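[1] Give me the fold of what follows.
(2 chains)
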Protein chains: 2
Amino acid sequence: MRCRKCGKKAVINMRQHRLSLCKQHFLEWLPNHILRFIKKYEMFSEHDRILVAVSGGKDSLALWDILLKLGLHTEGLYINLGINAETAYSNHSMDFAQKFADQRNLKLHIADIKRDYGESIPEISIRTRRGRDKPCSLCGLIKRYMMNRFALNGQYDVLVTAHNLDDEAAILLANTLDWSLEFLARGEPVLPSKPGFLKKVKPFFRTYEREAAAYAILRNIEYMRDECPFSIDSKQLYYKKYLNEWEEKQPGTKLRFYLKYLNAIAQGAFPARQELAQQLAQQRCPQCGQPTNTGSLCAFCKLFDTNI
Amino acid sequence: MRCRKCGKKAVINMRQHRLSLCKQHFLEWLPNHILRFIKKYEMFSEHDRILVAVSGGKDSLALWDILLKLGLHTEGLYINLGINAETAYSNHSMDFAQKFADQRNLKLHIADIKRDYGESIPEISIRTRRGRDKPCSLCGLIKRYMMNRFALNGQYDVLVTAHNLDDEAAILLANTLDWSLEFLARGEPVLPSKPGFLKKVKPFFRTYEREAAAYAILRNIEYMRDECPFSIDSKQLYYKKYLNEWEEKQPGTKLRFYLKYLNAIAQGAFPARQELAQQLAQQRCPQCGQPTNTGSLCAFCKLFDTNI
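    Model prediction:
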């Protein structure tokens, strides 16, 4: 397998693009590829203050590295979820994020659910009905809330997450098998700002997980390799398995699935829900003032509401 | 495993309904279950002239048997597709359908693509670009066309097909992974009549394939057991495999997937396409006069157009 650009030995073959590249050309190609879609989807410009949500894993550190290379103004946000019981998963992950930031003289903010709200994810998970059997859904809710709140308070222009194509395709498959219209209406890689919500973008939405991993490894980025101990039974991993099988048989399956979905949204596939979501987000939580569509306490504050 | 109604030995366990039944009670239960949804979805009444599309397989003969049991006025339509090269698949299937009709003194109409249009499915498949590598899609088009045309000419009130839940869920999964909005807008079990199209209904849309098979066997219906020789590589069988795997892990997966999709349509998903389909169906094919949305010859007539 040879690099298409120089003929040297390739380190990666991206079958969906019919493109093999050597180390040097892959490390050039990926940032340019990302930049192309940052521009095409108007995610952000060089004037914006960008907050990057980093977990200490390969995706977020690779993405932060790329944004840096592209000369953008970024700060990082790590959310310590307190998943520390057996493997100190959260604290280890934080160390990787902190080390990455320190080595590059970048600002990393730390949010901490235990410090700020008194309980860790495992503790909330055991206590609440919502968390039982599905800590991943609880964790998603909490991260979305804390990220958005931090980014709004810090008056950033845009919040960046490193969800890759494998993540997006798996979430999309789960939401589709469940026909969750609310989620299907908001699966785009750019969610514009609206009252109470900062603009949110996913520059890795066309990047396969293995490309992000290859980039991190080839750039010698040290990152957290362990998976979250809760994720073993997660819905997302379950669906990734099938998507990998289909991708293996038909390279490009994940990319086509997600891009055709974007096209379906553009053609008005879920309009009623899109409007509804906009209307409802006008309401505010009486406790924290953040947007909600519950009609009373937002889903986050409900977790800590002792009346339940 | 015991029958829930009488405690005798059960012959079938329908995990999605948490219901085990003995032979007698299953043969009572299924027709009543079907009748309930025929009424709920206003598929047809005892006054309607019903045309049942029969293939000679378990589903269509089981359904015809049930409609008969329910005292409805039915005639059958068998379409001979001329798939006869090695196994005489089409002719064998026709024999099963004919025998079923003769034994019960029912009227079975025979349409024959070779007789009426000069070529069999394998012949058209080889000659046309559309048929190459995908005879199943070609066959679907041809059957839909011939069924609709026959039913319109015969002035029936409704056309019944025996698509079961496994069929519908597999087609839905394929169309969803492909985000085929045109198909997603018309996947409901009742398609009302509109100019050029007879009302089309699928009374087995909640019936699992194994239930239809169990019914056919327990009623001693003789049916064609071979699969169509072309279907081995079909997309539908490919997706059925995955749905079966998910169903095994979570009984009711197929039913929930399809019913939630119906719910999504009811909540306004895919509206733009629905309107578009309605507008376009006002156009007529200049050759056969049937509805088309191609702007010129309908897809069926195009197959036989020597200018292409």
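[2] Whatever helix or strand residue A:28 lives in: which residues count as buried?
    If you go by DSSP states H and E, residue A:28 is part of helix A:23-40. Residues of helix A:23-40 classed as buried by neighbour count (16 or more other Cβ atoms under 10 Å in any protein chain shown): A:23, A:25-27, A:29-31, A:33-35, A:37-38. Bear in mind the C-beta positions are built from the backbone N, C-alpha and C, glycine included.
[3] Let me know the closest of those residues to chain B.
    residue A:37 (19.5 Å; Cβ to the nearest Cβ).
[4] From the opening residue of stretch A:178-185 to its closing one, how far?
    From its first residue to its last, stretch A:178-185 covers 13 Å (Cα to Cα, to the nearest Å).
[5] Please enumerate residues in contact with that stretch?
    Identification of contacts with stretch A:178-185 by Cβ atoms under 8 Å, 6 or more residues apart in numbering or on different chains yields A:171-172, A:175-176, A:265, A:269-270, A:273-274, A:277, B:256-257, B:260-261, B:263-264, B:267, B:269.
[6] coming back round to it: within reach of chain B, which of the buried residues of helix A:23-40 are there?
    Among the buried residues of helix A:23-40, not one lies near chain B by Cβ under 8 Å from any Cβ of the partner chain.
[7] Output those as CSV; include the columns pLDDT and distance to residue A:137.
    Below are the buried residues of helix A:23-40 laid out as CSV (pLDDT from 0 to 100; distance: Cβ to Cβ, whole Å):
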residue, pLDDT, distance to residue A:137
A:23, 98, 39
A:25, 98, 40
A:26, 98, 35
A:27, 98, 36
A:29, 98, 36
A:30, 98, 31
A:31, 98, 33
A:33, 97, 32
A:34, 98, 29
A:35, 98, 33
A:37, 97, 29
A:38, 98, 29
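[8] Does residue A:216 touch residue A:63 like I think?
    No. Applying Cβ atoms under 8 Å, one finds residue A:216 not in contact with residue A:63, separated by 9.5 Å.
[9] So which bits of the stretch 201-308 of chain A are right by chain B?
    Counting by Cβ under 8 Å from any Cβ, the residues of the stretch 201-308 of chain A that sit close to chain B are A:242, A:246, A:253, A:256-257, A:260-261, A:263-264, A:267-273.
[10] Show me those that map onto strands.
    Among those, none falls in strands (DSSP state E).
[11] Whichever of the residues you listed end up buried, select them in ChimeraX.
    Command for ChimeraX that selects the buried part of these, burial taken from 16+ other Cβ under 10 Å:
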select /A:246,253,256,257,260,261,264,268,269,270,271,273
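[12] farthest-separated two in the residues of the stretch 201-308 of chain A next to chain B?
    Across these, the two members that end up farthest from each other (Cβ to Cβ) are A:246 and A:272, 30.2 Å apart.
[13] And the helices in the stretch 1-150 of chain A?
    Along the stretch 1-150 of chain A, the segments classed as helices by DSSP state H, counting those that start in this stretch run A:23-40, A:58-69, A:89-103, A:113-117, A:121-127, A:135-153.
[14] Kindly report which one of these carries the lowest mean pLDDT.
    Lowest mean pLDDT of the helices of the stretch 1-150 of chain A: helix A:121-127, a mean of 86.
[15] still on that earlier bit, quick one, which of residue A:216 and residue A:63 is more surrounded?
    Set side by side, residue A:216 and residue A:63 show more neighbours around residue A:63, with 27 against 20, by other Cβ atoms under 10 Å in any protein chain shown.
[16] That one and residue A:212 touch, don't they?
    Yes. Look at residue A:63 against residue A:212 with Cβ under 8 Å: they come within range, at 7.4 Å.
[17] where do the contact lists of the two overlap?
    Here residue A:63 and residue A:212 have A:162, A:204 as joint contacts, going by Cβ under 8 Å, 6+ apart.
[18] Let me see the backbone angles for residue A:200.
    The phi and psi values for residue A:200, taken as degrees, to the nearest 10, are phi -130, psi 130.
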